[in-house]
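>>> turn this into a model:
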Amino acid sequence: MIEQISWEKAKEIVDEIYGNGWSLVGEDDCEDEFICPECEDPVLKEDYPFLDFCRENKTFKCPICENEIG
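From the prediction side, this is the model:
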């Protein structure tokens, strides 16, 4: 089941599941941007304040390419 979660909740889940490694962008560990490992496009908090997340599979859906990440 897919649910929309806030960027802050997504960050918590990413840190918990993947460590600090879901391709955080920025020299100073910018916390408002990720790089999708599938399409390699930046996913910005200001553009996508909510992300689709599947708890069952522990995967996110990239809002740009719509591939599952995780």
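>>> got any ranges where this structure has weak pLDDT?
Within the chain, the segments meeting pLDDT under 70 span 17-31.
>>> all strands for it, in order.
2-6, 33-35, 42-44, 50-54, 59-61, 68-69 (DSSP state E).
>>> tally of neighbours for M1?
Residues lying near M1 (other Cβ atoms under 10 Å) number 7. From N, CA and C alone the C-beta is placed, and that goes for glycine too.
>>> what does A10 give?
Count around A10 with other Cβ under 10 Å applied: 22.
>>> who's in contact with it?
51, 53, 60 (Cβ atoms under 8 Å, 6 or more residues apart in numbering).
>>> spatially nearest residue to the second one, not counting backbone neighbours?
Taking Cβ to Cβ, 6 or more residues apart in numbering as the measure, F53 lies nearest to I5, with 4.9 Å between them; neighbours along the chain are not counted.
>>> what of E56?
Closest to E56 by Cβ to Cβ, 6+ apart is M1, at 6.6 Å.
>>> quick one: contacts for the one you found?
M1 neighbours (Cβ under 8 Å, 6+ apart): 54-56.
>>> what's the spacing between it and I64?
In this view, M1 and I64 are 22 Å apart by Cβ to Cβ, to the nearest Å.
>>> again with Q4
16 Å.
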